[in-house]
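[1] Fold the stuff below for me.
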Amino acid sequence: MKKVIITTLSDYSSDSRIYKHAFSLSKAGYEVVVLAIWGKDLAIKEKQDNISIERFYFPILKRLGFPFHKRKLLLPFYSLMAIKRIFDHKPDFIQCERVYTIHLGLIYKWFWRKKFVYDSEELAAYWPMMINAKKLTRKLLIAYEKFVSKRAAFVIQTTESRAKQFYKQTGVSAIIIMNKPMLSETNGTVESLAKKYHRDKLKVVGYVGSIMPGRGIENVAEAVADIKRVKLVLLGPIRKGGGSIIKKYNGVIDWIPPVSPESITCALAGIDIGVSLVENTCLSYYYSCPSKVFELIVSGVPQLGSDFPEFRKIIRENGVGPVGRLCDPDNPEEVKSELRLMLSNPDELAEYRTNAIKLRDKCVWAGEQKKLFANYTRILDD
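    Model prediction:
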């Protein structure tokens, strides 16, 4: 049995993308180990779905409740512990999640003569953490990413637009593996978010994903606050700044903790409108197409999305028919206007639901899983 180690600075508790990669590789017969960082109420070592999870515990995390967005400060300590565990496990491959951990793959390649995969996910030089970076800092990061990427067995990007930009920066062609949802295997055991609200004659606008600034939540909350008998329901982990958003719109927003990746589409089914808004704060976001776009389609839910290139391809220009509307996510009045129009037009929403159901089979993880398998098989054969 071949062994794969996935390195990440997350705690792995609510990262559906890493879970899908790990679960799929495990299903294909690989022994999978995820090296993550400990978080509150999480086990240091555990096994889920045949995936071994090892979380590195740092006392400062418990004493200070070290915030999620500052975990990169722990990178030197994480790296030392990860190198030791990699040495102990002696995996056949390493899959490095984001730019933070690709040095571990490079070290393993140099010293153990093994191969590594770079799961870039974002455009590292053009994502929120780099908004205020100096030109020299950005150039150095691109040069570093280029150097390491050329030595990876393959690089993963999540959209065609990001892959083109990545090639422009590094000269490396990335494999496109989109963040599509797994089909639910719960057979309805997770109740739809909409049921209890519909019983009270309330309409539901739903959001799934990390709760934080930059995701258009505030503009949607402002719109919902002005529309009678509508509730905004947020499903996902609270990140930096997310708590203050929920507090500010108390009475408008209901928050529900994350559910397992395979249960998301069950939970979303039946809501009136889903919002898949991402603000244009950086190039990486502008070229994104987050999992929520596909989760809403698979759930048969009409959606209001950002008018960005990859969103447009899926929501409006998919070859089947539109599954929602697009708007400028940075324009509160436009968000409000589009939501009002959608909520007041049941025939339009019915058309979007019908098209979403027709498009469903193209928006699930199975196709992306095959691409992941094919590329791992290729490097195994090499």
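
[2] C-alpha from now on. contacts and neighbour counts both.
    Fine.

[3] Report the contact partners of Tyr286.
    Under the criterion of C-alpha atoms under 8 Å, 6 or more residues apart in numbering, the contact partners of Tyr286 comprise 278-280, 308-309.

[4] Max pairwise distance over those residues: which two?
    The largest distance within these, taken as C-alpha to C-alpha, falls between Glu279 and Pro309 and amounts to 13.2 Å.

[5] Comparing these two, which shows the higher neighbour count?
    More neighbours sit around Glu279 than around the other of Glu279 and Pro309, counting by other C-alpha atoms under 10 Å; the figures are 19 against 14.

[6] List just the nearest of the contacts of Tyr286 to Glu295.
    Using C-alpha to C-alpha, Val278 is the member of the contacts of Tyr286 that sits closest to Glu295, with 15.1 Å.

[7] That closest one: what secondary structure?
    When the structure is reduced to helix, strand and coil (DSSP: H, G, I helix; E, B strand; the rest coil), Val278 reads as coil.

[8] measure it to Phe311 for me?
    With distances taken as C-alpha to C-alpha, to the nearest Å, Val278 is found 10 Å from Phe311.

[9] joint contacts of those two?
    The contact lists of Val278 and Phe311 share Gly305, where a contact means C-alpha under 8 Å, 6+ apart.

[10] okay, the closest residue to Tyr108 other than its chain neighbours: pLDDT?
    Here the nearest residue to Tyr108 in space, its sequence neighbours aside, is Lys114; by C-alpha to C-alpha, 6 or more residues apart in numbering that works out to 6.3 Å. The score at Lys114 is 92. That number is its pLDDT.

[11] okay, now Lys114: neighbour count?
    17.

[12] With Asn318 instead?
    15.

[13] And the pLDDT for it?
    96.

[14] And Lys240, how far from Val224?
    Spatial separation of Lys240 from Val224 under the definition C-alpha to C-alpha is 23 Å.

[15] Give me the more crowded residue out of the two.
    Per other C-alpha under 10 Å, whichever of Lys240 and Val224 has more neighbours is Val224, with 22 against 14.

[16] circling back to that earlier point, wait, what's in contact with the residue nearest to Tyr108?
    For Lys114, the contacting residues are 92-93, 108, by C-alpha under 8 Å, 6+ apart.

[17] got TSV for these, with secondary structure, distance to Val320 and neighbour count too?
    Written out in TSV, the entries for these read as follows (DSSP: H, G, I helix; E, B strand; the rest coil; distance: C-alpha to C-alpha, whole Å; neighbours: other C-alpha atoms under 10 Å):
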residue	secondary structure	distance to Val320	neighbour count
Asp92	coil	42	18
Phe93	strand	39	23
Tyr108	helix	45	21
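
[18] From the contact counts, what lies against the helix ranked longest in the chain?
    The helix spanning the most residues in the chain, taking DSSP state H as the definition, is helix 365-381. Counting contacts by 3 or more C-alpha pairs under 8 Å, 6 or more residues apart in numbering; DSSP states H and E, the secondary-structure elements packed against helix 365-381 are helix 16-27.

[19] What would the helix it packs on look like as PDB? C-alpha coordinates only.
    Once non-C-alpha atoms are left out, helix 16-27 reads as follows in PDB (Å, rounded to 0.1, in the frame of the first residue of the first chain):
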ATOM      1  CA  SER A  16     -13.800  20.100   2.900                       C
ATOM      2  CA  ARG A  17     -11.300  20.500   0.100                       C
ATOM      3  CA  ILE A  18      -8.500  18.600   1.900                       C
ATOM      4  CA  TYR A  19     -11.000  16.100   3.200                       C
ATOM      5  CA  LYS A  20     -12.100  15.300  -0.400                       C
ATOM      6  CA  HIS A  21      -8.600  14.800  -1.500                       C
ATOM      7  CA  ALA A  22      -7.700  12.600   1.500                       C
ATOM      8  CA  PHE A  23     -10.900  10.600   1.300                       C
ATOM      9  CA  SER A  24     -10.500  10.000  -2.400                       C
ATOM     10  CA  LEU A  25      -6.900   8.800  -2.100                       C
ATOM     11  CA  SER A  26      -7.800   6.600   0.800                       C
ATOM     12  CA  LYS A  27     -10.700   5.100  -1.200                       C
END
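
[20] where does the stretch 51-200 of the chain dip in pLDDT?
    Low-confidence segments of the stretch 51-200 of the chain (pLDDT under 70): 61-71, 184-190.

[21] So this protein: which segments form each domain?
    3-177+365-381, 194-363 (automatic domain parsing).

[22] from the chain's centre, how far out does the longest one sit?
    Mean-position distance between domain 3-177+365-381 and its chain equals 13 Å (C-alpha atoms, centre = their mean, to the nearest Å).

[23] Which other helices and strands does the host helix or strand of Gly305 contact?
    Mapping Gly305 onto the secondary structure by DSSP states H and E places it in strand 303-306. Under the contact criterion of 3+ C-alpha pairs under 8 Å, 6+ apart, the helices and strands touching strand 303-306 comprise strand 273-276, helix 291-298, strand 324-327.

[24] rerun that using 7 Å as the cut-off
    Counting contacts by 3 or more C-alpha pairs under 7 Å, 6 or more residues apart in numbering; DSSP states H and E, strand 303-306 is packed against strand 273-276, strand 324-327.
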